[in-house]
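let me see the structure of the following:
(one chain, ligands or ions: 2)
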Amino acid sequence: MESVVKKFPEAADERADDRPSRAEAEAAVKTLLRWIGEDPSREGLLETPARVVKAYEELFGGYKLEAGDVLGRTFQDVSGYDDMVLVRDIDFHSHCEHHMVPIIGKAHVAYVPDGRVLGLSKIARVVDIYGRRLQTQESMTAQIASAIAGMLVPKGIAVMIEAEHMCMSMRGIRSKGSMTITSAFQGVFAEDGEFKSRFLAQASSRS
Ligand SMILES: Nc1nc2c(ncn2[C@@H]2O[C@H](COP(=O)(O)OP(=O)(O)OP(=O)(O)O)[C@@H](O)[C@H]2O)c(=O)[nH]1
Ligand SMILES: [Zn+2]
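Numbers count the residues shown, from 1 in each chain. Ligands and ions are numbered 1, 2, ... in the order given. The predicted structure is shown next:
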């Protein structure tokens, strides 16, 4: 698995690579404020560059985490349970890599264990890690599937994401409310129509 552990540099002399320092990132926000026609020296905006950089640390915190860190622990003692495990409606926020504006949606992740199972919260943590990076919905779907498949080696994995892209709602075509659905199927979900049908029925059923 790729290594993505990176620090957010505090100052120029703490740079781990060629990434800009915090001060340089704040200066870039100031430039954008001036570019949209604002006055970064007015009272309400004085602390905005620092706040934006701090918010970016959180919104893009997925770069300093690896899926393997949260998926590392699996367990076996589930009394012989060997059917599909589905975690549905995992809320996530991401940002599209084309416009850096939000993608807001839900992920549904299922797997069929081959002896070992995952802690349920770990699936949501993996969605969160990939969500907190710049994404396309297709990449995010594929990354979640291969991270879980790689660590757990289940009999099959299915991932479906439904999301609204703010770059389509708030700008450009301004098509508000349209949802994009992407899916990835591996193993029994790709080979056995019954597993795929059950996943699609249960992932999309709304009570
Ligand atoms: N396939 C895919 N496309 C995306 C995703 N997020 C945003 N896009 C699209 O990426 C495309 C970028 O197109 P460009 O023509 O380069 O950029 P643009 O001029 O800003 O495009 P418009 O949004 O049509 O105004 C747009 O069609 C977006 O809708 C995504 O997750 N997957
Ligand atoms: Zn976009």
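
now the closest residue to ligand 2 within the chain: closest residue in space, sequence neighbours ignored.
The minimum distance from the chain to ligand 2, using CB to the ion, falls at Cys167 (2.9 Å). For glycine as for every other residue, the C-beta is placed from the backbone atoms N, C-alpha and C. Residue nearest to Cys167 in three dimensions, not counting chain neighbours: His99, with 4.1 Å by CB to CB, 6 or more residues apart in numbering.

the closest residue to Arg73 other than its chain neighbours - how many residues pack around it?
Ranked by CB to CB, 6+ apart and with sequence neighbours excluded, the top spatial neighbour of Arg73 is Gly119, at 6.8 Å. By the criterion of other CB atoms under 10 Å, Gly119 has 13 neighbours.

and the gap between Gly119 and Thr74?
Going from Gly119 to Thr74 by CB to CB, to the nearest Å gives 8 Å.

verify the stated contact: Val101 with His95.
Yes - between Val101 and His95 there is a contact under CB atoms under 8 Å: 6.5 Å.

middle-most residue in the protein, spatially?
Centroid check for the chain by CA atoms, centre = their mean gives Gly131 as the closest residue, at 1.5 Å.

which stretches in this structure count as helices?
Using DSSP state H, the helices of the chain run over residues 22-35, 48-59, 67-71, 120-131, 137-152, 166-169, 188-191, 193-204.

would TSV of the ones you listed with mean pLDDT be doable?
TSV is the format used below for the helices of the chain (pLDDT from 0 to 100):
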stretch	mean pLDDT
helix 22-35	98
helix 48-59	98
helix 67-71	88
helix 120-131	96
helix 137-152	97
helix 166-169	96
helix 188-191	98
helix 193-204	95
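
among these, which is the most enclosed?
Of the helices of the chain, the one with the most neighbours on average (mean count of other CB atoms under 10 Å) is helix 120-131, at a mean of 21.

could you check the angle helix 137-152 makes with that one?
Put simply, helix 120-131 runs at 140 degrees to helix 137-152, going by axes from the mean of the first three to the mean of the last three CA atoms, to 10 degrees.

tell me, how many residues neighbour Tyr111?
28.
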